[in-house]
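Novice: Pasting the sequence and the predicted coordinates here, then a few questions.
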Amino acid sequence: MTAITSDSAARVTPWNLPAGRSAVRGRAAEQKLIRELLKRAQRGTGGMLLVDGEPGIGKSLLLRDSTDQAAEQGFSLAVGVADQLGQAIPFFALRAALHEPFAEDPDRDLPDATAWWITQIRARLEQQAVTAPVLVCLDDLHWASPATMAGLRTLPRDLRRHPIAWLLARSSTPRRAVDYLFGQLERDGAARITLAPLDQDAVAAMLTDAFGAPPGQALADLARGAAGNPSLVAELTGGLRDDHAVQVTGGRAGFTVSRSDGSMASARGPGTCW
């Protein structure tokens, strides 16, 4: 199942939330799918949700919000991120997600070393699932090694009768191996979400979070330069806040006017070097 949505999320710390907390805006449909995934695991059945989209579209924030929800519901978490350097370490993302390093296998150089690692990871996840449902949440899988993708090809299927939810994300930058993996997992029954740029309402909500009031027309027009990319919207609001370039007047957030010459304070738009 593929769901292509027209809203998204980005990391913004609203003025009325504690430091370190980020609001998710424009993600109601995606959050509903994740809630259903978690409920399925709580009922004792595995499930999988795939998330992809262009860089900066809000995948990581959506995953962080999901792990927060799962933790509040008593899930055991296995959270990891793949990266370029980790490609040299067998099953880096999965091993990091499980928090505790495995003992080295003395025969790890044998041709069946990949199968050995998959067996160890499966046993660890089965152990975790005995006491609580598990959320396996892995980000940036476009950097995952072939061994990691081999594990992800088999583990969800082998563990489908266990209370384990899988939430996997990757950038839509073309990479043949992960493209193939996501296609195979979707054919196995995984639901798939493709994130799209923010709509105007979601951008306005992000600006309201940042400045404590809905945006005026000039601020909203400037934010359109981000072309709906939530990362660029977050960059814009952060720059404007650092410059003290926005003030709230008459219940609307607008640009600060210089007292000396009456001109608008400098506002740097998306794509500008800060």
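Specialist: In hand now; what should we look at?
Novice: C-alpha only now, for contacts and for neighbours.
Specialist: Fine.
Novice: mind listing what's buried in stretch 57-65?
Specialist: 57, 58, 59, 60, 61, 62, 63, 64 (16 or more other Cα atoms under 10 Å).
Novice: which among the residues you listed gets closest to residue 218?
Specialist: Closest to residue 218 out of these is residue 57 (23.8 Å), distances taken as Cα to Cα.
Novice: just checking, that closest one touches residue 233?
Specialist: No. With contact defined as Cα atoms under 8 Å, residue 57 does not reach residue 233; the gap is 10.3 Å.
Novice: Who's the closest spatial neighbour of residue 90, skipping the chain neighbours?
Specialist: residue 147 (6.5 Å; Cα to Cα, 6 or more residues apart in numbering).
Novice: And for the one you found, the neighbour number?
Specialist: By other Cα atoms under 10 Å, 19 other residues sit near residue 147.
Novice: next one: residue 189
Specialist: Residue 189 has 13 nearby residues by other Cα under 10 Å.
Novice: Quick check, pLDDT for it.
Specialist: pLDDT, residue 189: 92.
Novice: got it, and the one 4 residues further on?
Specialist: Here, the pLDDT recorded for residue 193 equals 92.
Novice: can you check the one 5 residues further on too?
Specialist: In this model, residue 198 is scored at 82, pLDDT.
Novice: Surely it and residue 231 touch.
Specialist: No. At 10.2 Å, residue 198 does not count as touching residue 231 under the criterion of Cα under 8 Å.
Novice: on that earlier part again, now the buried residues of stretch 57-65 in CSV, please, with extra columns for secondary structure and pLDDT.
Specialist: Shown next, in CSV, are the buried residues of stretch 57-65 (DSSP: H, G, I helix; E, B strand; the rest coil; pLDDT from 0 to 100):
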residue, secondary structure, pLDDT
57, coil, 89
58, coil, 88
59, helix, 91
60, helix, 90
61, helix, 88
62, helix, 92
63, helix, 94
64, helix, 93
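Novice: For these, which two are the farthest from each other?
Specialist: Longest span within the buried residues of stretch 57-65, Cα to Cα: 57 and 64, 13.9 Å.
Novice: Now do the strands for the stretch 151-274 of the chain: every range, in order, please.
Specialist: Using DSSP state E, counting those that start in this stretch, the strands of the stretch 151-274 of the chain run over residues 164-171, 191-194, 246-249, 252-255.
Novice: how about those strands, which one is nearest residue 85?
Specialist: Smallest distance to residue 85 across the strands of the stretch 151-274 of the chain (Cα to Cα): 16.3 Å, for strand 164-171.
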